[in-house]
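Student: Predicted model follows, preceded by the sequence.
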Amino acid sequence: MSAFAVFSAAGRWYRGNCHTHTTLSDGKGTPQEVAELYRTRGYDFLTLTDHWKCHEEVGSLCRKGFLVIPGIELHPPARTPHTAVNHHIVGIGVAKAPSKARMQKQTARSAIRHIERQGGIPVYAHPYWSGHSIEQMREGRAAFGVEVFNNVCEVERGLGDSSPHADMALSEGFPWRLLAVDDLHRPLRDPAGGWLQVRAPALTAPAILKAIRRGWFYATQGPSIRALSIRRHVCRVECSPVSSIVWHMEGPFGRVARAEGQPLTSGEFDMRPRLGRTRYVRVEIIDAHGRKAWSNPAWYDARRRQWSDDPGPARFRRAGR
Ligand SMILES: [Zn+2]
Ligand SMILES: [Zn+2]
């Protein structure tokens with residue numbers, strides 16, 4: 001598998017929000033109102049993820065060119081060390097809720113397993129807002145990915161951007177992909193702050209879920225990543241006009257390119273001097289309004305001297321975790 005294959009994959013880009021609340025839990029909009037809101041804002045798909053509850057019938061919310069996928073948000077307790085805030089684990093593509101009474105006594109891993117058994121994609125939600133340390137995030141390392149940006153956490157507390165948490169986790173070898181979401185609760189306040197651009201062959205739930213599982217997406221607040229590739233250990237980015245392009249690796253490595261005069265629409269980073277010092281590289285672009293887009297990580301296989309979209313979790317798993 002090559003690195004950043006999504007940018008040469010067939011299909012088209014679909015815009016979607018993967019974390020949304022409605023009146024089924026503590027959201028202020030009905031499922032119908034929320035679906036209509038996203039459809040009219042130009043979204044292609046939406047996942048409804050109420051606390052502990054699933055919309056078992058989303059068919060009536062779908063329209064031509066607009067797909068609604070069922071989901072859930074689960075809150076198993078965090079254990080190490082004790083904290084006031086439970087884990088928030090979002091399940092994309094889950095149509096059946098577990099027993100809340102039982103799961104409240106279980107672990108993040110049980111919640112992740114429940115989501116996977118239902119055919120869903122488990123995402124570790126908003127670690128910055130939760131105040132979670134790397135110890136607590138380790139309980140959720142079996143998740144597929146992490147919310148690198150959560151809009152309602154940004155709007156309410158200024159705690160939306162979990163990029164450093166993502167780097168801490170990736171530096172330990174977590175196989176996490178990076179998602180941006182709204183976590184909409186109030187339809188007038190929360191929509192369109194962060195979303196996914198998913199590359200898929202068709203707008204169906206199986207095609208979108210399969211594309212997400214393959215990592216065929218990037219997260220954004222507005223800027224577009226147009227091309228991303230690694231050839232001979234040189235990582236090249238093409239994007240909408242931005243103020244800076246940042247290549248993140250295990251700290252303190254990586255690089256930033258800043259616009260001087262004209263905005264940047266491309267950049268290159270020769271990673272050869274850094275080989276063997278990082279497990280991953282990921283790219284962030286930041287526009288003149290401070291809005292970001294985040295690529296998924298590409299992982300470096302030191303044995304084969306290759307970059308890949310495959311995190312190879314077993315290869316990096318450390319003893320005792
Ligand atoms: Zn949450
Ligand atoms: Zn939520």
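Tutor: Yep, that arrived. Because the structure is predicted, anything quoted here is derived from the model rather than measured. Ligands and ions are numbered 1, 2, ... in the order given.
Student: can you pull the contacts of the residue of the stretch 51-200 of the chain found nearest ligand 1?
Tutor: In the stretch 51-200 of the chain, the residue found nearest to ligand 1 is residue 88; the distance is 3.4 Å by Cβ to the ion. C-betas here are computed from N, CA, C, even on glycine. Taking Cβ atoms under 8 Å, 6 or more residues apart in numbering, we find residue 88 in contact with 73, 74, 75, 124, 125, 126, 130.
Student: Regarding the residue of the stretch 201-321 of the chain found nearest ligand 1, what is its secondary structure?
Tutor: The nearest approach of the stretch 201-321 of the chain to ligand 1 comes at residue 219, 16.7 Å away (Cβ to the ion). Of the three states, residue 219 takes strand under DSSP: H, G, I helix; E, B strand; the rest coil.
Student: Over to the residue of the stretch 51-200 of the chain closest to ligand 1: give its phi and psi.
Tutor: phi -120, psi 110 (degrees, to the nearest 10).
Student: how near is it to residue 201?
Tutor: For residue 88, the distance to residue 201 equals 31 Å [Cβ to Cβ, to the nearest Å].
Student: got it, and residue 31?
Tutor: For residue 31, the distance to residue 201 - Cβ to Cβ - is 27 Å.
Student: Give me the more crowded residue out of those two.
Tutor: Higher neighbour count among residue 31 and residue 201: residue 31, with 21 against 12, using other Cβ atoms under 10 Å.
Student: isn't that one right up against residue 20?
Tutor: No: applying Cβ atoms under 8 Å as the test, residue 31 and residue 20 come out as separate, 9.2 Å apart.
Student: Show me the common contact partners of these two, please.
Tutor: The contact lists of residue 31 and residue 20 share residue 48, where a contact means Cβ under 8 Å, 6+ apart.
Student: returning to what we had before: can you check the pLDDT for the residue of the stretch 201-321 of the chain closest to ligand 1?
Tutor: With respect to pLDDT, residue 219 scores 99.
Student: JSON lines please, covering the contacts of residue 88 and showing distance to ligand 1, neighbour count and pLDDT.
Tutor: Shown next, in JSON lines, are these (distance: Cβ to the ion, whole Å; neighbours: other Cβ atoms under 10 Å; pLDDT from 0 to 100):
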{"residue": "73", "distance to ligand 1": "6", "neighbour count": "23", "pLDDT": "98"}
{"residue": "74", "distance to ligand 1": "10", "neighbour count": "28", "pLDDT": "97"}
{"residue": "75", "distance to ligand 1": "8", "neighbour count": "18", "pLDDT": "96"}
{"residue": "124", "distance to ligand 1": "10", "neighbour count": "31", "pLDDT": "98"}
{"residue": "125", "distance to ligand 1": "5", "neighbour count": "27", "pLDDT": "98"}
{"residue": "126", "distance to ligand 1": "6", "neighbour count": "30", "pLDDT": "98"}
{"residue": "130", "distance to ligand 1": "8", "neighbour count": "23", "pLDDT": "95"}
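Student: Shouldn't residue 154 be within a helix?
Tutor: Yes: assessed by three-state DSSP, residue 154 belongs to a helix.
Student: Pull the contacting residues for it.
Tutor: By Cβ under 8 Å, 6+ apart, the contact set of residue 154 is 160, 161, 193.
Student: pLDDT score assigned to the first one?
Tutor: It stands for residue 160. 98.
Student: thought it was touching residue 129?
Tutor: Yes: the criterion here is Cβ under 8 Å, and residue 160 meets it with residue 129 at 7.3 Å.
Student: Please pull out the lowest mean pLDDT helix or strand from this structure.
Tutor: helix 313-316 (a mean of 48; mean pLDDT, DSSP states H and E).
Student: how close does the residue nearest to residue 4 when sequence neighbours are not counted get to ligand 2?
Tutor: Leaving aside its sequence neighbours, residue 4 sits nearest to residue 228 (Cβ to Cβ, 6 or more residues apart in numbering; 4.4 Å). In this view, residue 228 and ligand 2 are 29 Å apart by Cβ to the ion, to the nearest Å.
Student: for the helix or strand harbouring residue 228, which positions count as buried?
Tutor: Using DSSP states H and E, residue 228 sits in strand 225-231. Neighbour-count burial for strand 225-231 flags 225, 228, 229, 230 (criterion: 16 or more other Cβ atoms under 10 Å).
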